Structures are given as structure tokens and as C-alpha cells.
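K.L.:
Fold the following, please.
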Amino acid sequence: MSSKIKLTFLGTSASIPTSKRNHTGILLTYKSENILIDCGEGIQRQIRKAKLNPCKINKILITHWHGDHVLGLAGLFQTLTLNDCNRKMEIFGPKGIKKSIEKLSKVFFLDFKFESNTKEILEKGIFFENDDFYLEAEKMEHGARTNAYNFVVKDKLRVDKDKLKEFKVPSGKHLLPLLKGKDIKYRGKKYSFKDLTYAEKGKKVSIVLDTKNNSRIVPFVQGADLFVCESSFSDSDLEMAKEHLHMTAGEAGKIAKEAKAKKLILTHISQRYDNKLEVLLENTKKNFKKVVIAKDLDIFKI
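P.N.:
All right, here's what the predicted structure looks like:
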């Protein structure tokens, strides 16, 4: 059985938090990976409320260096140090992230007792990859250097148990080459991996936070199983959205439709719509029906 990708929304507000919505932060969990996307003010408290362990976070992806997306970093780093967390931490972000982290450490006298490594993403495309999944970035348009991110679980070969029974081949270590697309021999007889395996399609989570609408989004999020998108404004406030380099709910829905996403999750909700969420949903559903608005501490799994 394949492992699930889990998204925990730690904060879903826009630049000003409300009594219902914390500043932005999303924790993506897959197997032993715990990847925090942005870390707004109050995120470490949200982690506690969600009954999660901050010491298990091993990667942080920063979309851009605006306060509502990074003000929680200093507190989180201090907590990790005080708890003697010893897991290696990899931090990724746009050009300039290394210098920003260094300045943050000096301002708050942070003495990292955990191993950390900050890497700047200078080009679009894949910036981390292992046998199981990869992470890729694309540049967005929000004034400050800004990235969108994809988390992509790779397609995998799985052994077909029904086929094993049919060919009377038992389970065991001798089947391992099949998972690498190689044929095997059992009791002198050759078996093709094509006869004993099936392809399990991978999964894709796309996260597009602060940006104005632009032509790079649709190809980047194409075919996403989960498309997480900012929705800072309603369609009636389109001009304001353009002025502030953000998107409307209707634009998010149109992108989801064009990209053939399976499900759209709206986040980064402005305080002006806190009690008018139905307006954002109506705007989105004109273009795309499978949409929900995330609330703080909501969990989605695929």
C-alpha cells in the first residue's frame, strides 16, 4: 500500500492574522519527511495545537521573505535549540535567503545546536531529489523574490501479487530487481518485470502562495492532485489584487481548470472575507467546482 501525503494547514490568513486564522504555514508530511512551507508568526504554537513534534521537521521551504511568511522562524529555531533537536535541517528559498537567515540569527542571538544547511534556489526546476520524490520551484511575481513549489512522488513499479500466484512465483528478495525494471530468474526460468509488475502513478502537490496571476503558474501546477493556491481577494476586488500583486478566487479557479488539477485548496485569506467566505467560493466555482477553503489546523491527505 502506498504512503499518503498529508498536509496540515498551520496558518491560513493573509498579511494580517485574525482570531480564526494564523499567519501562513503548511506542514507536508510523507513517510519520514516533514516539510514546513513558510513559517509565519505563531506557527510553532500552531504546531503544538496540532499535536505535532517540531523536532521532526527536516526541511523548510520559504516562498518569499515577507513578514507574514517568515516571522515565526526565529521562535521555531530557538525552540529546536532548547529542545536539543539533532535532526539535520535543510532550508530552501529564493536568492538572498542565506543572508536573511544569517541576519536573523545575529539579531536574535540564535546559536543553532542542530545541523542546518541553507540553500538558495537560483534556477527554476528540481532542487532536491531522491529515489522516492522530488521538489521543484518556479519563480512567481510578488515584488520580492518569490517561489512556488511542487512536491512530486515519483511513479513506482509494484509487484502484482495476483500475477505471482498465476506464475507460481513466491514472494522474497529475489523479486527486488523487478522494482527497478529488471527481469528475474526463478528456478531456472526467466520472468519479465512487465509480466509481474504494474505501474503505480505518483502524486503531485502544488503550492502557489503570494503572487499576481502569471503565465508560469498553469504549466507548473499541471495535473496536480492537490493545488494549494492563495486567494487574497474576491473577483470584485480584482484591481486591488493587481495593485498588491496577489490573485483573486476566480483566478485561482481558472488556473485549476486550465491545469486540470484534481482538487483546489484556497488559503491566504484576507481578513476582509473572514465572514464572507461564500463570496470566494462562488467566484472560484464559476471556473472550478472541486474547491475548499482551508481553515487553521485542517488536514488533507492523498
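
K.L.:
Show me the shaky parts of the stretch 201-302 of the chain.
P.N.:
Scanning the stretch 201-302 of the chain for pLDDT under 70 picks out no residues.

K.L.:
where along it do the helices fall?
P.N.:
Listed in chain order, the helices of the stretch 201-302 of the chain (DSSP state H, counting those that start in this stretch) span 217-221, 238-243, 249-258, 277-285.

K.L.:
relative to helix 277-285, how tilted is the longest one?
P.N.:
What that stands for is helix 249-258. 40 degrees (axes from the mean of the first three to the mean of the last three CA atoms, to 10 degrees).

K.L.:
Show the contacting residues for Cys85.
P.N.:
Under the criterion of CB atoms under 8 Å, 6 or more residues apart in numbering, the contact partners of Cys85 comprise Pro54, Cys55, Lys113, Phe114. The way it works is simple: take the backbone N, C-alpha and C, and place the C-beta from them, glycine included.

K.L.:
Try it again at 6 Å.
P.N.:
Cys55, Phe114 (CB atoms under 6 Å, 6 or more residues apart in numbering).

K.L.:
Any figure for the gap between it and Asp210?
P.N.:
Distance check for Cys85 against Asp210: by CB to CB, to the nearest Å, it reads 29 Å.

K.L.:
Likewise for Glu251?
P.N.:
Computed with CB to CB, the distance linking Glu251 and Asp210 is 13 Å.

K.L.:
neighbour count winner among those two?
P.N.:
Comparing Glu251 with Asp210 by other CB atoms under 10 Å, the one with more neighbours is Asp210, at 27 against 23.

K.L.:
Just to check, the more buried one is in contact with Glu141?
P.N.:
No. Applying CB atoms under 6 Å, one finds Asp210 not in contact with Glu141, separated by 9.5 Å.

K.L.:
sorry, back to before: of the helices of the stretch 201-302 of the chain, flag the one that's most buried.
P.N.:
Neighbour counts (mean count of other CB atoms under 10 Å) averaged over each of these peak at helix 249-258, with a mean of 24.

K.L.:
for that helix, packing partners?
P.N.:
helix 217-221, helix 277-285 (3 or more CB pairs under 6 Å, 6 or more residues apart in numbering; DSSP states H and E).

K.L.:
Give me the contacts around the longest one.
P.N.:
Contact partners of helix 277-285, identified using CB under 6 Å, 6+ apart, comprise Ser231, Ser234, Asp235, Ala249, Gly250, Gly253, Tyr273, Val291, Ile293.

K.L.:
how about these in TSV, adding distance to Lys204?
P.N.:
Converted to TSV, the contacts of helix 277-285 look like this (distance: CB to CB, whole Å):
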residue	distance to Lys204
Ser231	20
Ser234	28
Asp235	27
Ala249	22
Gly250	23
Gly253	19
Tyr273	28
Val291	17
Ile293	21
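
K.L.:
So which residues make contact with stretch 138-149?
P.N.:
The contact list for stretch 138-149 (CB under 6 Å, 6+ apart) reads 61, 63-65, 94-95, 124, 137, 207-208, 210-212, 214, 216, 220, 245.

K.L.:
Which of the helices and strands packed on helix 249-258 sits closest to Leu264?
P.N.:
Each of the helices and strands packed on helix 249-258 was checked against Leu264 via CB to CB, and the shortest separation belongs to helix 277-285, namely 6.9 Å.

K.L.:
Relative to the whole chain's centre, how far out is that closest one?
P.N.:
Relative to its parent chain, helix 277-285 has a centroid offset of 23 Å by CA atoms, centre = their mean, to the nearest Å.

K.L.:
swap in stretch 116-136?
P.N.:
In terms of CA atoms, centre = their mean, the centre of stretch 116-136 is found 13 Å from the chain centre.

K.L.:
which of the residues in it are buried?
P.N.:
Thr118, Ile121, Phe127, Phe128, Phe133, Tyr134, Leu135, Glu136 (16 or more other CB atoms under 10 Å).
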